[in-house]
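Undergrad: Provided below are the primary sequence and the corresponding predicted coordinates.
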Amino acid sequence: MSYADTSPAAIEAGPPPSANYRALRRLLRRPIAVGAIVIIVVIYGAGILAPWVAPQGFNEADFQNRYAEPSLEHPLGTDSLGRDLLSRAIWSAQTTVIVSVAAVLTGGLFLGVTAGLAAGYAGGRTDSIIMRAADTFASVPTILLVLIITATLLPRIIDLARDVEDLTGADWIVNSGAPSYFLVFGALAIFGWTGIARVVRSQVLALRQEPYVIAARASGASTPRILFLHLLPNLTNLLLVSFTLSFGALATAEVGLSFLGIGVQPPHPSFGLMVSEGVGLSNVREHTMLILVPAGFIVLLVMSFNLLGDQLTDVLSPRHR
Amino acid sequence: MPAGLATYIIRRLLLLPVILLIVSFATFALGRFAPVDYVEIQAGPRAQPETIERIREERGLNDPVPVQYVRYLGNVLTGDLGVSTRYQGFPVADVIFPRMWISLQYNVVVLVLTFAIGLPLGTWAALRRGTWQDPLSIGVFLFFASVPVLISVPLLQWLFAVKLGVLPSGGWSEAEYLGVELGIFSKHAVLPVLALTLPGVAGIARYMRGQVMEVLDQDFVRTANAKGLKASTVITRHVARNALLPIVTILGFELAALIGGSIFVETLLGIPGIGLLAFESIKSRDYDTIMAIVLVGSTTFVLAMLLIDIVYGFIDPRIRVEGSIS
């Protein structure tokens, strides 16, 4: 179909499909990509809908039924307190969703994209200050600093939340686990922006000399308008791949921090806490399900994100244009 | 040495103290936020308020914060990293350096194995592009790169210690044989090395596969093939050499992954290295030790990265012109 096609059928069909639309179609023709998307949607969906989907609450103990084998009542068995493992896993998925989405929104999208756009478009001193900051953040081992941040600040944040509770009379804040969620994604976001910023910056540097950007500037468009209306839409492919990969990395990081006892605090559910309850030689020997359940979920989720990232890179690469 | 390279190295070296200052300030500031008053711990539960006040005065905790920071820096530079509250009265330096030695031993083995296996494996996978081995190797690499160490260790433990019973389930051999500590030479080293090498090899192979495929598509490779060079010569002299250039980025990731991975491996297997110490110090809220581990760990990492950057500047002439690798 050419652009000059004015037959009724062509008008009915609307404008020719955009490059992104075609890339999406290519993606959905790949069984591996579809499989990865299905796994992500199922695990994330279960997590988001946990209050309705999970057979039990995350902390409903049943001491008559400790270490139960998988059965109809408990499809994946129960843990040392008789808590249903499937329900625990679904609630843990909710934690993963909350922490990774919050970290991607604040660290990747807000800090990363803004810093990258500013550095690439403004250039000069702004650029060098932002990029030196990114260099510094990238040249320290993230895990160690996140470790000390969460280890030292977690009790403080919980104290602070208790003060707020006393002031406002809202007694649910600490019990909801919000302070630890907040700290975990905050710490991850602080270190998560540098990669995205770098990618965005280099792309903006390449795009800022494009005729359409120069035209927009010549016609008097404001800088924010150029950044967000003209440049950002051209970065979506790049951001899509970066964010897909960072979802996998963030899930792994949250699991690790919670395992070490400086992430999500019990009784709130996290795959990291489930792992920490499932390790140890006697558990591994006699109650293998305790480790297999969280391990299965995490590996499926992280692998799906990595697969999807690979497939996205592939369908979006210029070779297909 | 060309002028560009000198500028490049000087710029890198100038950034070093800045990064170290920021890291030390971050650990110091966060240490001030520590929720436990270690003076009270040290003084004991039945200490008089005057005793606590005297210790505070002696340790300079009543001075203004900037003065404290400068003193902290001075102490660190002279090797005084504070006093462990967990190992009552032991200087932190005496606690952490023997532990670091254990971690260093098996981490070096992991690093060498990772590159020695990962690079050829990735090259091999790239050359099998389009055959049935291709999707298989991609899948296997992706799987092993996606399994967090935290998950793989208990599974490996289950396989090798419980099912097969061929390896010890954890711990670190401190026995000596002919005056040499067994440690890294004993069976105890196999599980930690395996757990860290698997994701490392998978990651490097994945990366190398992409690099090699990119180089294979370039004109000079076609030229080399067309002028009748042996396939092995083209691969080693033209392809691998060019594909290796950007490996510096992945080496940084690998180092960071090792630091993180060691914490989980040592915690899960009970290896008395720096990672287990970090875990125990967090549990027992031994903040001087945590601060010291973060500071020493970050410094090691920053120095290693600097060294890589400089070596890279010698290898890749483009760096000197651009002035920055990143």
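TA: Received it, and whenever you're ready, just let me know what you need.
Undergrad: Any part of stretch A:269-286 near chain B?
TA: Yes - residues of stretch A:269-286 are located near chain B by C-beta under 8 Å from any C-beta of the partner chain, namely A:272, A:275, A:278-279, A:281, A:284-285. C-beta: built from backbone N, CA, C; applies to glycine.
Undergrad: Please tell me which one of the residues you listed counts the most neighbours.
TA: Tallying neighbours with other C-beta atoms under 10 Å in any protein chain shown puts A:Gly272 at the head of the residues of stretch A:269-286 next to chain B, with 29 neighbours.
Undergrad: Can you read off the pLDDT for the residue of the stretch 201-321 of chain A found nearest chain B?
TA: The nearest approach of the stretch 201-321 of chain A to chain B comes at A:Met303, 4.0 Å away (C-beta to the nearest C-beta). Per-residue pLDDT puts A:Met303 at 91.
Undergrad: right, and the helix or strand after the lowest-mean-pLDDT helix or strand in chain A?
TA: Lowest mean confidence among the helices and strands of chain A (mean pLDDT, DSSP states H and E): helix A:8-13, at a mean of 53. Note on helix A:8-13: by DSSP states H and E, the next helix or strand toward the C-terminus is helix A:19-28.
Undergrad: Pull out the buried positions in that next one.
TA: Using 16 or more other C-beta atoms under 10 Å in any protein chain shown as the test for burial, helix A:19-28 gives A:23, A:27.
Undergrad: Quick one: distance of that helix to the chain centre.
TA: For helix A:19-28, the separation from the chain centroid amounts to 22 Å (computed by C-alpha atoms, centre = their mean, to the nearest Å).
Undergrad: Around chain A, pick out the residues from the stretch 51-200 of chain B.
TA: B:138, B:142-143, B:145-148, B:150-151, B:153-155, B:157-158, B:161-162, B:169-170.
Undergrad: quick one: which of the residues of stretch A:269-286 next to chain B is nearest B:Gly297?
TA: Taking C-beta to C-beta as the measure, B:Gly297 lies nearest A:Gly272 of the residues of stretch A:269-286 next to chain B, at 21.0 Å.
Undergrad: pLDDT averaged over stretch B:148-162, what's the number?
TA: 87.
Undergrad: who touches that stretch?
TA: By C-beta atoms under 8 Å, 6 or more residues apart in numbering or on different chains, the residues outside stretch B:148-162 that reach it are A:252, A:255-256, A:259, A:272, A:275, A:278-279, A:281, A:284-285, A:288, A:291, A:294-295, A:298-299, A:302, B:166-170, B:190-191, B:194-196, B:198-199, B:260-261, B:264-265, B:268-269.
Undergrad: Provide a list of residue ranges in chain B with pLDDT below threshold.
TA: B:1-3, B:34-45, B:88, B:174-183, B:248-249, B:316-326 (pLDDT under 70).
Undergrad: Quick one: the strands in it, in order.
TA: Under the criterion DSSP state E, chain B contains strands at B:176-177, B:180-181.
Undergrad: which element follows the helix or strand containing A:Ala206 toward the C-terminus?
TA: Per DSSP H and E: A:Ala206 is located in helix A:178-207. As assigned by DSSP H and E, the chain's next helix or strand after helix A:178-207 is helix A:211-218.
Undergrad: Okay, angle between that following helix and helix A:178-207 too, please.
TA: If you take axes from the mean of the first three to the mean of the last three C-alpha atoms, to 10 degrees, helix A:211-218 sits at 100 degrees to helix A:178-207.
Undergrad: Following helix A:211-218 in sequence, what is the next regular element?
TA: helix A:223-225.
Undergrad: Following that following helix in sequence, what is the next regular element?
TA: Next in sequence after helix A:223-225, counting helices and strands by DSSP H and E, comes helix A:236-260.
Undergrad: quick one: that following helix to helix A:19-28, angle?
TA: 50 degrees.
Undergrad: can you give me how far helix A:236-260 is from the chain middle?
TA: Computed by C-alpha atoms, centre = their mean, the chain-centroid distance of helix A:236-260 equals 5 Å.
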